[in-house]
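Q: Dropping a prediction and its sequence here:
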Amino acid sequence: MTTSSSERGVSLGMPELPAPAYPDDVRARLEADAREIIARYPDSRSALLPLLHLVQSEEGHVTRTGMQFCADVLKLTTAEVTAVATFYTMYRRRPSGDYQVGVCTNTLCAVMGGDAIFEQLQEHLGIGNGETTDDGKITLEHIECNAACDFAPVVMVNWEFFDNQTVQSAKRLVDDLRIGHTVSPTRGAPLCTFKETARILAGFPDERDGAVEASGSAGPASLVGLRLARGETAPARVVHPRDGGPHDEPQDRAEHEPSPAEHRSSHDAPQDTSASDPAHPAGPTAEEGE
């Protein structure tokens, strides 16, 4: 006895129509950019990753039109392009917000408060993982480790760091983004929209005044191991216990107070918080008990 396709729950709908083409002016502009990208590589197909960022910068996510464009200019099949676009999570497959807010929920960030931040932001914004607010401003997601464990818990916005966050500071951050307030990352280049970020990731220069100079490097806490490996030492800094109880201090070492430019880890205490520094509401925060 045989069963029909409908009885098996199989849909035999119409095949998907070809992806619509970009308008002529958009395609001409993207083709000029694509030629510049492809020229960087000895094998043209090696340009697929930056080309996917390029088409993502056009519409805010990788559309079927964008994948068809990549296939055309690289002489690949759409199946080959789709296989790559669906493998890497940095390529969005559906419309997303101007600001991709990612909360690290890997082990260290999670136990330092990342899980609580992610849970509370979902409730605060009224969206789930990978979803976008109705105003199109914020897409929220949990993300994998971004190698900033010494500043845990970390929130990233369009891949820029917001270190030592708490539930309160993370809520302030997304609220400021939604109402258009200027928000500065803890370190790195000034914040820009997701489309602008995608174009930079495609390999085009960030042409904003001072953006490249501001990008800097890793924070001081991230470089401690490197300095020790080079044989560099610094005066010991005594950190008092959080409970204020008695402790022994070395008598032969002077206490080291970091300069204002130093960025302490969330494991150092005491430290300034957003509550005590109104001029930097989205900066490093690590309030006690949160």
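A: All right, it came through fine.

Q: Could you use CA atoms for every contact and neighbour count after this?
A: Noted.

Q: Next up, phi/psi of the nearest residue to residue 122 once chain neighbours are set aside, please.
A: Excluding the flanking residues, the one nearest residue 122 by C-alpha to C-alpha, 6 or more residues apart in numbering is residue 128, at 5.6 Å. Here is the backbone geometry of residue 128 (degrees, to the nearest 10): phi -100, psi -170.

Q: show me the contacts for residue 128.
A: 122, 140, 141 (C-alpha atoms under 8 Å, 6 or more residues apart in numbering).

Q: what do you get for residue 48?
A: Neighbouring residues of residue 48 by C-alpha under 8 Å, 6+ apart: 70, 74, 81.

Q: before we move on, back to that, which members of the contacts of residue 128 are classed as buried?
A: Among the contacts of residue 128, those scoring as buried are 140, 141 (criterion: 16 or more other C-alpha atoms under 10 Å).

Q: quick one: which of the contacts of residue 128 sit in strands?
A: 140, 141 (DSSP state E).

Q: between the contacts of residue 128, which is closest to residue 133?
A: Distance to residue 133 across the contacts of residue 128 (C-alpha to C-alpha) is lowest for residue 140, with 8.5 Å.

Q: Can you spell out which helices and strands pack onto the longest helix seen in the chain?
A: Longest helix in the chain, counting residues (DSSP state H): helix 24-38. Under the contact definition 3 or more C-alpha pairs under 8 Å, 6 or more residues apart in numbering; DSSP states H and E, helix 24-38 sits against helix 48-59.

Q: Would you mind extracting the C-alpha trace of the helix it packs on into PDB?
A: Extracted in PDB, the C-alpha atoms of helix 48-59 (Å, rounded to 0.1, in the frame of the first residue of the first chain):
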ATOM      1  CA  LEU A  48      33.600  35.400  -1.100                       C
ATOM      2  CA  LEU A  49      33.700  36.300   2.600                       C
ATOM      3  CA  PRO A  50      34.300  40.000   2.200                       C
ATOM      4  CA  LEU A  51      31.800  40.100  -0.700                       C
ATOM      5  CA  LEU A  52      29.200  38.700   1.600                       C
ATOM      6  CA  HIS A  53      30.000  41.600   4.000                       C
ATOM      7  CA  LEU A  54      29.700  44.000   1.100                       C
ATOM      8  CA  VAL A  55      26.200  42.900   0.100                       C
ATOM      9  CA  GLN A  56      25.200  42.800   3.800                       C
ATOM     10  CA  SER A  57      26.200  46.500   4.100                       C
ATOM     11  CA  GLU A  58      23.700  47.200   1.300                       C
ATOM     12  CA  GLU A  59      20.600  45.800   2.900                       C
END
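
Q: does residue 165 really touch residue 152, like I thought?
A: Yes. Residue 165 lies in contact with residue 152 (C-alpha atoms under 8 Å); the separation is 7.4 Å.

Q: isn't residue 162 right up against residue 146?
A: No. With contact defined as C-alpha under 8 Å, residue 162 does not reach residue 146; the gap is 11.4 Å.

Q: about what we covered before: of residue 165 and residue 152, who's got more company?
A: residue 165 (31 against 27; other C-alpha atoms under 10 Å).

Q: How confident was the prediction at the more buried one?
A: pLDDT for residue 165: 93.

Q: And the one 5 residues further on, by the same measure?
A: In this prediction, residue 170 carries a pLDDT score of 95.

Q: and it, what element?
A: Assigned by DSSP states H and E, residue 170 belongs to helix 167-179.

Q: Spell out the residue ranges of the strands in the chain.
A: 99-104, 138-143, 155-157, 160-162.

Q: which secondary structure elements does the first one contact?
A: Strand 99-104 makes packing contacts with strand 138-143, strand 155-157 when contacts are defined by 3+ C-alpha pairs under 8 Å, 6+ apart.

Q: least trustworthy helix or strand in this protein by mean pLDDT?
A: Of the helices and strands making up the chain, the lowest-confidence element is helix 211-215, at a mean of 66, by mean pLDDT, DSSP states H and E.

Q: ok, back up a step: report the angle between the helix holding residue 170 and strand 138-143.
A: Angle, helix 167-179 to strand 138-143, by axes from the mean of the first three to the mean of the last three C-alpha atoms, to 10 degrees: 140 degrees.

Q: Residue 148 reaches residue 154, doesn't it?
A: Yes. Using C-alpha under 8 Å, residue 148 is in contact with residue 154, at 7.1 Å.

Q: Of these two, which one has the most company?
A: Under the neighbour definition other C-alpha under 10 Å, residue 148 and residue 154 were set side by side, and residue 154 has more, 30 against 21.
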